[in-house]
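Enquirer: Sequence first, predicted model second:
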Amino acid sequence: MKPTRINVNTPGGVLRQYFGYERFRDGQEAIIEALLSGRDAMGIMPTGAGKSICYQVPALLLEGQALVISPLISLMKDQVQALAAAGVPATCIHSAMTADEYAEAMHGTACGEYKILYVAPERLDAPDFERLMQTIQISMVTVDEAHCVSQWGQDFRPSYLKIAEFISSLPERPVVAAFTATATENVREDIIRHIELDAPYVCVTGFDRKNLYFEVRRPADKLRDLLAIIEKRKEKCGIVYCATRRAVEEVCEALGRKGYSATRYHAGLSDAERRANQDDFSYDRKQIMVATNAFGMGIDKSNVGYVIHYNMPKNLESYYQEAGRAGRDGNPADCILLYGAKDVHLNKFLIEKSAEQSESATEEERRALIAKDMELLKVMTFYAATTDCLRSYILKYFGEKADLFCGNCHNCHTIFEEIDVTEDAQKIISCVYRITERAWPHGKTMIADVLRGSANEKLRRAGFDELSTYGIMTDVPKRRIVDLIDHLSKEGYLLTSDGQYPTITLSAKSGEITKGGKQIILKMPKYAEPLPPSAAHESAKSNDSNEPVSAELFDALRVVRRRLADEAKVPAYVIFADAALKDMCRKMPATESEFLDVSGVGEHKLAKYGAVFLETIQTYAATQNQEIISPTRS
């Protein structure tokens, strides 16, 4: 079979013909031009910013075949399905393929049938794959989810460290690109060093996702709060992240009992069930996915309306990447964290357990890894406790300047009052001193129990009911005391030990409060301003995709899309994203040329799907007794 030829020769032409877009998004064109000129490139772009366009467009224009190294089978399959729907010849090679499928993909690659080949990093040193790579012309190597190469990143994959060696083994070095959604300065440096990018063009388009609303809640009953949140969003598709398999099972079962269409995903399930459950969610057969962090990297589902974290993640990178799976279509979406003090203990346990299971690491390396992860956990805990703008906190962490008020997070819509808590702080520090003087350091729960005068048996056995600080804060809620201990720890007036069961001790700054007269002011929520439906989205950057459209026509187009997706056995968004359907509703195209003006409609999709969607639009117009007047004919 003859090698595939592309019949357009400009980036804009490829974008228009294959992907159906009139213009590039921020950063895309500059990265594409760098790659086409033969220069390596690195793109740090938030989820939904269009990273894949940055390497797919040059892959179609460069001579030869482009290799995309991707960490997950599901991600590769999604990308290949989407490219096939757009008329782009692509394939993937992975461990879940049958022998016949594998042989067909290898043969097609050898014959030059594909322009883009997706492969997992673990496949790079397979002998038959290595031999194939020596015989074909590789135009470009793209490393997707490039943060996996860094031990500073949240998804470190040792197999990513083989990439540079693989590239150097090729007969001729191709241009190399690396992309990720979240990367601190340390991670960016690791990506450049470990992948051996050569003087790369670096593009950081910004981490802000203005359509996302952020909120942290500290509920007394997480499950009850979760059910209330979902009930208000019962028409939307969402993801609920849990820290453990047990929590996934409990939450999924509770949602099922309430009649919600929910499924589950965690490492304890068989490969077959995980694939089936992910397909049910991707294909809109299930509305809610309850999962551990094993689910989600590269998930391309565009219509996720909310992401709820039932437990706090171990670091801010993980949180922002997981939360960023909401609102990929540009529509308003909610990112809500349900925080509890037990989340910190659980994460410390998971960090230590993960380090213990790192068989190749030395004891010194394990200790360094634990120390690094504990520092990242502190940053995440401070996010859960801050009274400042949540979006600003996230953006500053990634090194980006941010306004102090975003208008689209819960803290920006909460009125805080400043309260002098110096006296309570003195009592807490005094209690910590008395406890450590009599016995050994204890956790904040015990400290709060002593201050409140609890009669629990463990406290009495330790003799803490005899302390001078016993019962001196009986009128203060336990949760308030715990929050104040957290605040004092955050500001350095108390020290919190690492480990599964952290203890509280005095710090060098403790005396500033008890002896130095340091005043402690705490911002406490007074009341929250009312938010518009689906959170505070009025401040989100407006765009055409958020303009009102006919619900009746939109639903009719979704039905057509669902039928076509079922026939093709692909997720609905592979046919057209919701944004494309809404653009059809606004533009009401009556001819094929007008249908091409719809965002997301390329020539291949016009030929394949145009007739049925045009017919649906014309039928709707007839029922409304109106003439279709599109913008191109007005």
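Expert: Received the coordinates, thanks. Numbers count the residues shown, from 1 in each chain.
Enquirer: Any stretches of this structure with poor pLDDT?
Expert: For the chain, applying pLDDT under 70 flags the ranges 1-8, 152-155, 296-299, 357-361, 499-500, 525-548, 625-634.
Enquirer: Give me the domain ranges for the chain.
Expert: Here the domain assignment for the chain is 11-204, 212-409, 422-519, 544-633, based on automatic domain parsing.
Enquirer: distance between the ends of the longest one?
Expert: Read that as domain 212-409. Its start and end residues considered, domain 212-409 measures 8 Å (Cα to Cα, to the nearest Å).
Enquirer: what separates it from the chain centre, distance-wise?
Expert: 8 Å (Cα atoms, centre = their mean, to the nearest Å).
Enquirer: Doesn't G43 lie inside a strand?
Expert: Yes - under DSSP: H, G, I helix; E, B strand; the rest coil, G43 falls within a strand.
Enquirer: Now do the contacts for it.
Expert: Counting by Cβ atoms under 8 Å, 6 or more residues apart in numbering, G43 touches 27, 31, 51, 54, 177-180, 203, 205. Heads up, the C-betas are built off the backbone N, CA and C, glycines and all.
Enquirer: distance of the nearest residue to L467 once chain neighbours are set aside from P441?
Expert: Counting by Cβ to Cβ, 6 or more residues apart in numbering, L467 lies nearest to R434, which is 4.6 Å off, once chain neighbours are set aside. R434 is 12 Å from P441, where distance means Cβ to Cβ, to the nearest Å.
Enquirer: any idea how far R434 is from the residue of the chain most remote from its centre?
Expert: The outermost residue of the chain relative to its centre, with distances by Cα atoms, centre = their mean, is E466 at 50.0 Å. With distances defined as Cβ to Cβ, the gap from E466 to R434 amounts to 10 Å.
Enquirer: how much space between the residue nearest to L467 and L488?
Expert: The gap separating R434 from L488 is 16 Å, by Cβ to Cβ.
Enquirer: more neighbours, the two?
Expert: L488 (27 against 18; other Cβ atoms under 10 Å).
Enquirer: quick revisit: would you tell me which one of the contacts of G43 comes nearest to A462?
Expert: Nearest to A462 among the contacts of G43, counting by Cβ to Cβ, is T180 at 49.3 Å.
Enquirer: quick one, helices of the stretch 501-634 of the chain?
Expert: 511-514, 551-568, 572-575, 578-587, 592-595, 603-623 (DSSP state H, counting those that start in this stretch).
Enquirer: quick one, which of the ones you listed is packed in tightest?
Expert: helix 572-575 (a mean of 23; mean count of other Cβ atoms under 10 Å).
Enquirer: Residues contacting that one, please?
Expert: Defining contact as Cβ under 8 Å, 6+ apart, one finds that helix 572-575 is touched by 78, 81-82, 85, 283-284, 300-303, 558, 561-562, 564-565, 568, 605, 609.
Enquirer: Centre of the chain to that helix, how far?
Expert: 21 Å.
Enquirer: before we move on, back to that, taking the contacts of G43 one by one, which sit in helices?
Expert: 31, 51, 54 (DSSP state H).
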